[in-house]
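Participant: sequence? don't have it. structure:
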(Lines give C-alpha, C1' and ligand atoms only; values in the text may rest on other atoms or scores of the structure.)
Protein backbone atom coordinates (compact mmCIF):
# COMPACT_ATOMS: atom_id res chain seq x y z
CA UNK A 1 0.00 0.00 0.00
CA UNK A 2 1.33 3.44 -0.91
CA UNK A 3 1.84 5.94 1.94
CA UNK A 4 -1.09 8.22 2.72
CA UNK A 5 -1.05 11.73 1.27
CA UNK A 6 -0.34 14.23 4.09
CA UNK A 7 -3.29 16.32 5.19
CA UNK A 8 -3.83 19.87 4.04
CA UNK A 9 -6.51 22.05 5.60
CA UNK A 10 -8.38 24.95 4.02
CA UNK A 11 -10.96 27.42 5.24
CA UNK A 12 -13.63 28.92 3.03
CA UNK A 13 -13.69 32.68 3.73
CA UNK A 14 -16.38 34.84 2.13
CA UNK A 15 -15.24 38.43 1.50
CA UNK A 16 -18.67 39.98 2.14
CA UNK A 17 -18.28 43.76 1.79
CA UNK A 18 -15.01 43.54 3.74
CA UNK A 19 -12.77 46.58 4.04
CA UNK A 20 -9.08 45.89 3.66
CA UNK A 21 -8.08 45.73 7.35
CA UNK A 22 -11.04 43.51 8.28
CA UNK A 23 -10.33 41.06 5.48
CA UNK A 24 -6.64 40.98 6.34
CA UNK A 25 -7.44 40.25 10.00
CA UNK A 26 -9.68 37.32 9.05
CA UNK A 27 -7.01 35.89 6.77
CA UNK A 28 -4.32 36.22 9.43
CA UNK A 29 -6.64 34.51 11.92
CA UNK A 30 -7.00 31.58 9.52
CA UNK A 31 -3.25 31.26 9.25
CA UNK A 32 -2.81 31.47 13.05
CA UNK A 33 -5.33 28.64 13.43
CA UNK A 34 -3.07 26.48 11.27
CA UNK A 35 -4.92 26.45 7.95
CA UNK A 36 -2.79 25.83 4.89
CA UNK A 37 -5.18 27.32 2.31
CA UNK A 38 -7.53 30.31 2.24
CA UNK A 39 -10.37 29.50 -0.13
CA UNK A 40 -12.56 32.19 -1.70
CA UNK A 41 -15.95 31.49 -3.30
CA UNK A 42 -17.28 32.86 -6.58
CA UNK A 43 -20.83 33.96 -5.78
CA UNK A 44 -22.65 37.17 -6.49
CA UNK A 45 -23.08 39.00 -3.20
CA UNK A 46 -19.42 38.71 -2.19
CA UNK A 47 -16.40 40.57 -3.47
CA UNK A 48 -14.58 39.36 -6.57
CA UNK A 49 -12.37 36.33 -5.93
CA UNK A 50 -8.99 37.19 -7.42
CA UNK A 51 -8.63 40.60 -5.77
CA UNK A 52 -9.64 39.00 -2.45
CA UNK A 53 -7.07 36.22 -2.95
CA UNK A 54 -4.23 38.62 -3.70
CA UNK A 55 -5.12 40.65 -0.61
CA UNK A 56 -5.26 37.43 1.45
CA UNK A 57 -1.81 36.39 0.28
CA UNK A 58 -0.35 39.81 1.11
CA UNK A 59 -1.88 39.67 4.60
CA UNK A 60 -0.36 36.26 5.37
CA UNK A 61 3.04 34.66 5.14
CA UNK A 62 2.57 31.04 4.04
CA UNK A 63 -1.10 30.26 3.27
CA UNK A 64 -1.93 29.33 -0.29
CA UNK A 65 -5.04 30.88 -1.84
CA UNK A 66 -7.64 29.30 -4.09
CA UNK A 67 -10.88 30.00 -5.89
CA UNK A 68 -13.38 27.59 -4.38
CA UNK A 69 -14.79 27.26 -6.93
CA UNK A 70 -15.20 29.57 -9.91
CA UNK A 71 -18.47 29.45 -11.81
CA UNK A 72 -17.09 28.74 -15.28
CA UNK A 73 -20.17 30.27 -16.93
CA UNK A 74 -19.19 33.69 -15.55
CA UNK A 75 -15.71 33.73 -17.09
CA UNK A 76 -14.19 34.11 -20.53
CA UNK A 77 -11.49 31.41 -20.44
CA UNK A 78 -8.74 33.61 -21.90
CA UNK A 79 -9.41 36.47 -19.50
CA UNK A 80 -9.69 33.97 -16.66
CA UNK A 81 -6.23 32.63 -17.51
CA UNK A 82 -4.89 36.19 -17.41
CA UNK A 83 -6.46 36.72 -13.96
CA UNK A 84 -5.01 33.48 -12.62
CA UNK A 85 -1.52 34.10 -14.02
CA UNK A 86 -1.53 37.68 -12.72
CA UNK A 87 -2.59 36.55 -9.25
CA UNK A 88 0.07 33.84 -9.34
CA UNK A 89 2.75 36.43 -10.12
CA UNK A 90 1.49 38.90 -7.49
CA UNK A 91 1.41 36.27 -4.73
CA UNK A 92 4.80 34.68 -5.47
CA UNK A 93 3.23 31.44 -6.67
CA UNK A 94 0.65 30.74 -3.96
CA UNK A 95 -2.44 30.40 -6.19
CA UNK A 96 -4.62 27.38 -6.94
CA UNK A 97 -7.50 27.64 -9.39
CA UNK A 98 -10.71 25.78 -8.57
CA UNK A 99 -13.46 25.65 -11.20
CA UNK A 100 -16.93 24.14 -11.45
CA UNK A 101 -20.18 24.49 -13.36
CA UNK A 102 -22.04 26.82 -11.02
CA UNK A 103 -25.24 25.68 -9.35
CA UNK A 104 -27.22 28.74 -8.18
CA UNK A 105 -29.74 29.52 -10.89
CA UNK A 106 -30.72 32.88 -9.42
CA UNK A 107 -27.11 34.07 -9.84
CA UNK A 108 -27.16 33.13 -13.52
CA UNK A 109 -30.35 35.19 -13.88
CA UNK A 110 -28.85 38.19 -12.07
CA UNK A 111 -25.71 38.03 -14.22
CA UNK A 112 -27.71 37.67 -17.45
CA UNK A 113 -26.04 34.32 -18.17
CA UNK A 114 -28.07 31.51 -19.70
CA UNK A 115 -28.75 28.73 -17.18
CA UNK A 116 -29.10 26.16 -19.95
CA UNK A 117 -29.02 22.44 -19.22
CA UNK A 118 -26.74 20.43 -16.97
CA UNK A 119 -24.99 19.21 -20.11
CA UNK A 120 -24.39 22.70 -21.47
CA UNK A 121 -22.95 23.84 -18.13
CA UNK A 122 -20.50 20.94 -18.16
CA UNK A 123 -19.63 21.75 -21.80
CA UNK A 124 -18.74 25.26 -20.68
CA UNK A 125 -16.63 23.91 -17.83
CA UNK A 126 -14.77 21.60 -20.20
CA UNK A 127 -14.03 24.46 -22.61
CA UNK A 128 -12.77 26.56 -19.71
CA UNK A 129 -10.50 23.87 -18.31
CA UNK A 130 -8.95 22.91 -21.65
CA UNK A 131 -8.32 26.58 -22.45
CA UNK A 132 -6.73 27.17 -19.05
CA UNK A 133 -4.46 24.19 -19.46
CA UNK A 134 -3.30 25.36 -22.88
CA UNK A 135 -2.67 28.93 -21.73
CA UNK A 136 -0.89 27.87 -18.54
CA UNK A 137 1.38 25.70 -20.68
CA UNK A 138 2.13 28.60 -23.05
CA UNK A 139 1.12 31.97 -21.54
CA UNK A 140 3.08 34.08 -24.02
CA UNK A 141 -0.06 35.26 -25.90
CA UNK A 142 -1.17 36.83 -22.60
CA UNK A 143 2.14 38.62 -22.03
CA UNK A 144 3.73 36.16 -19.60
CA UNK A 145 7.16 34.99 -20.76
CA UNK A 146 7.06 31.44 -19.40
CA UNK A 147 4.72 28.92 -17.77
CA UNK A 148 4.23 29.21 -14.02
CA UNK A 149 6.29 26.77 -11.97
CA UNK A 150 3.15 25.53 -10.23
CA UNK A 151 -0.46 26.55 -10.79
CA UNK A 152 -2.69 23.62 -9.77
CA UNK A 153 -6.19 23.26 -11.20
CA UNK A 154 -8.97 21.91 -8.99
CA UNK A 155 -12.22 20.67 -10.52
CA UNK A 156 -15.18 20.26 -8.23
CA UNK A 157 -18.47 18.46 -8.70
CA UNK A 158 -20.44 15.27 -8.22
CA UNK A 159 -21.82 14.13 -11.57
CA UNK A 160 -20.29 11.64 -13.99
CA UNK A 161 -19.16 14.14 -16.60
CA UNK A 162 -17.53 16.52 -14.13
CA UNK A 163 -15.68 13.72 -12.35
CA UNK A 164 -14.61 12.33 -15.72
CA UNK A 165 -13.30 15.79 -16.67
CA UNK A 166 -11.43 16.01 -13.37
CA UNK A 167 -9.97 12.55 -13.97
CA UNK A 168 -8.48 13.77 -17.26
CA UNK A 169 -7.44 17.34 -16.52
CA UNK A 170 -7.32 18.22 -12.81
CA UNK A 171 -4.43 18.26 -10.36
CA UNK A 172 -6.95 18.20 -7.51
CA UNK A 173 -10.43 16.69 -7.56
CA UNK A 174 -13.01 18.10 -5.16
CA UNK A 175 -15.93 15.82 -4.40
CA UNK A 176 -19.00 17.98 -3.86
CA UNK A 177 -20.71 15.42 -1.64
CA UNK A 178 -24.10 16.90 -2.42
CA UNK A 179 -26.75 17.12 -5.11
CA UNK A 180 -28.91 20.06 -6.05
CA UNK A 181 -32.38 19.84 -4.53
CA UNK A 182 -34.97 19.47 -7.33
CA UNK A 183 -36.32 22.81 -8.52
CA UNK A 184 -34.06 24.92 -6.31
CA UNK A 185 -33.17 28.33 -7.78
CA UNK A 186 -31.04 29.30 -4.77
CA UNK A 187 -28.68 26.36 -4.86
CA UNK A 188 -30.15 24.32 -2.02
CA UNK A 189 -28.08 21.16 -1.65
CA UNK A 190 -28.82 17.72 -0.23
CA UNK A 191 -25.88 15.86 1.26
CA UNK A 192 -25.14 12.37 -0.02
CA UNK A 193 -24.36 9.58 2.44
CA UNK A 194 -21.09 7.68 2.81
CA UNK A 195 -22.15 4.82 0.55
CA UNK A 196 -23.08 7.21 -2.25
CA UNK A 197 -19.75 8.99 -1.78
CA UNK A 198 -17.90 5.68 -2.00
CA UNK A 199 -19.59 5.03 -5.34
CA UNK A 200 -18.55 8.47 -6.62
CA UNK A 201 -14.95 7.84 -5.57
CA UNK A 202 -14.91 4.44 -7.27
CA UNK A 203 -16.29 6.03 -10.46
CA UNK A 204 -13.57 8.67 -10.40
CA UNK A 205 -10.84 6.09 -9.82
CA UNK A 206 -12.01 4.00 -12.78
CA UNK A 207 -12.02 7.07 -15.02
CA UNK A 208 -8.66 8.37 -13.80
CA UNK A 209 -6.83 5.04 -14.03
CA UNK A 210 -3.15 5.46 -13.22
CA UNK A 211 -3.61 9.22 -12.70
CA UNK A 212 -5.79 8.62 -9.63
CA UNK A 213 -2.88 7.69 -7.37
CA UNK A 214 -1.14 11.02 -7.95
CA UNK A 215 -4.14 13.32 -7.62
CA UNK A 216 -5.01 15.12 -4.42
CA UNK A 217 -8.61 14.65 -3.25
CA UNK A 218 -10.56 17.44 -1.59
CA UNK A 219 -13.78 17.60 0.40
CA UNK A 220 -15.69 20.63 1.74
CA UNK A 221 -17.11 19.88 5.19
CA UNK A 222 -20.43 21.69 5.48
CA UNK A 223 -20.68 21.60 9.29
CA UNK A 224 -18.31 20.88 12.18
CA UNK A 225 -19.89 20.20 15.59
CA UNK A 226 -17.45 19.57 18.43
CA UNK A 227 -19.38 17.79 21.17
CA UNK A 228 -18.86 15.08 23.80
CA UNK A 229 -22.29 13.64 22.88
CA UNK A 230 -21.85 12.48 19.32
CA UNK A 231 -24.96 10.29 19.06
CA UNK A 232 -27.28 12.76 20.79
CA UNK A 233 -26.05 15.61 18.61
CA UNK A 234 -26.56 13.54 15.48
CA UNK A 235 -30.16 12.86 16.52
CA UNK A 236 -30.72 16.59 16.99
CA UNK A 237 -29.20 17.35 13.59
CA UNK A 238 -31.83 15.16 11.95
CA UNK A 239 -34.28 18.04 12.34
CA UNK A 240 -32.33 19.87 9.62
CA UNK A 241 -31.37 16.73 7.70
CA UNK A 242 -34.46 14.50 7.88
CA UNK A 243 -33.38 12.49 4.84
CA UNK A 244 -30.39 11.09 6.80
CA UNK A 245 -30.39 8.76 9.80
CA UNK A 246 -28.36 9.66 12.89
CA UNK A 247 -25.79 7.02 11.97
CA UNK A 248 -25.52 8.40 8.45
CA UNK A 249 -24.97 11.90 9.87
CA UNK A 250 -22.02 10.57 11.90
CA UNK A 251 -20.56 8.93 8.78
CA UNK A 252 -21.36 11.51 6.06
CA UNK A 253 -18.01 12.80 4.68
CA UNK A 254 -19.32 16.38 4.51
CA UNK A 255 -20.14 16.49 8.25
CA UNK A 256 -17.86 16.22 11.27
CA UNK A 257 -19.53 15.50 14.60
CA UNK A 258 -17.97 14.43 17.91
CA UNK A 259 -15.08 15.25 20.19
CA UNK A 260 -11.89 16.64 18.72
CA UNK A 261 -10.32 13.19 18.99
CA UNK A 262 -13.33 11.52 17.33
CA UNK A 263 -13.26 14.04 14.48
CA UNK A 264 -9.53 13.49 13.96
CA UNK A 265 -10.10 9.73 13.90
CA UNK A 266 -12.96 10.17 11.41
CA UNK A 267 -10.72 12.15 9.07
CA UNK A 268 -8.04 9.47 9.23
CA UNK A 269 -10.66 6.83 8.42
CA UNK A 270 -12.03 8.89 5.52
CA UNK A 271 -8.57 9.41 4.10
CA UNK A 272 -8.10 5.65 4.18
CA UNK A 273 -11.51 4.91 2.64
CA UNK A 274 -11.98 7.77 0.17
CA UNK A 275 -8.53 9.33 -0.17
CA UNK A 276 -9.61 12.71 1.21
CA UNK A 277 -6.45 14.44 2.40
CA UNK A 278 -7.31 18.06 1.53
CA UNK A 279 -10.09 19.09 3.89
CA UNK A 280 -11.86 22.46 3.83
CA UNK A 281 -14.28 23.89 6.37
CA UNK A 282 -16.39 27.04 6.47
CA UNK A 283 -15.26 30.14 8.34
CA UNK A 284 -17.94 29.70 11.01
CA UNK A 285 -16.20 26.43 12.01
CA UNK A 286 -12.64 27.74 11.79
CA UNK A 287 -11.90 28.12 15.51
CA UNK A 288 -13.69 24.90 16.50
CA UNK A 289 -11.75 22.90 13.91
CA UNK A 290 -8.32 24.33 14.76
CA UNK A 291 -7.55 21.81 17.56
CA UNK A 292 -8.23 18.98 15.09
CA UNK A 293 -5.56 20.42 12.81
CA UNK A 294 -3.11 20.22 15.71
CA UNK A 295 -4.01 16.56 16.27
CA UNK A 296 -3.43 15.69 12.59
CA UNK A 297 -0.51 17.91 11.68
CA UNK A 298 2.17 15.89 9.94
CA UNK A 299 0.03 12.75 9.62
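Facilitator: Thanks, I have the structure now. Keep in mind that what you see is a predicted model, and the values were worked out from it rather than measured.

Participant: mind listing what residue 279 touches?
Facilitator: 7-10, 218-219, 221, 267 (C-beta atoms under 8 Å, 6 or more residues apart in numbering). Quick note: C-beta positions are derived from backbone N, CA and C, even for glycine.

Participant: longest helix of the protein?
Facilitator: Secondary structure of the chain per DSSP state H: the longest helix is helix 118-137.

Participant: ok, residues contacting that helix?
Facilitator: Here helix 118-137 makes contact (C-beta under 8 Å, 6+ apart) with 72-73, 75, 77-78, 80-81, 84-85, 97, 99-102, 114-115, 141-142, 147-148, 151, 153, 155, 159, 161-162, 165, 169-170.

Participant: and the gap between the closest residue to residue 219 other than its chain neighbours and residue 175?
Facilitator: Spatially, and ignoring its direct neighbours in sequence, residue 219 is nearest to residue 276 (4.5 Å; C-beta to C-beta, 6 or more residues apart in numbering). According to C-beta to C-beta, to the nearest Å, residue 276 and residue 175 sit 7 Å apart.

Participant: equivalent analysis for residue 54, please.
Facilitator: From residue 54 to residue 175 the distance is 28 Å (C-beta to C-beta).

Participant: so for the two, which residue has more residues nearby?
Facilitator: residue 175 (24 against 20; other C-beta atoms under 10 Å).

Participant: how near is that one to residue 221?
Facilitator: Distance, residue 175 to residue 221, by C-beta to C-beta: 11 Å.

Participant: mutual contacts of these two, please.
Facilitator: residue 253.

Participant: circling back to that earlier point, overlap of the contact sets of residue 276 and residue 175?
Facilitator: By C-beta under 8 Å, 6+ apart, the residues touching both residue 276 and residue 175 are 217-219, 253.

Participant: doesn't residue 149 belong to a helix?
Facilitator: No. Using DSSP: H, G, I helix; E, B strand; the rest coil, the assignment for residue 149 is coil, not a helix.

Participant: noted, bye for now.
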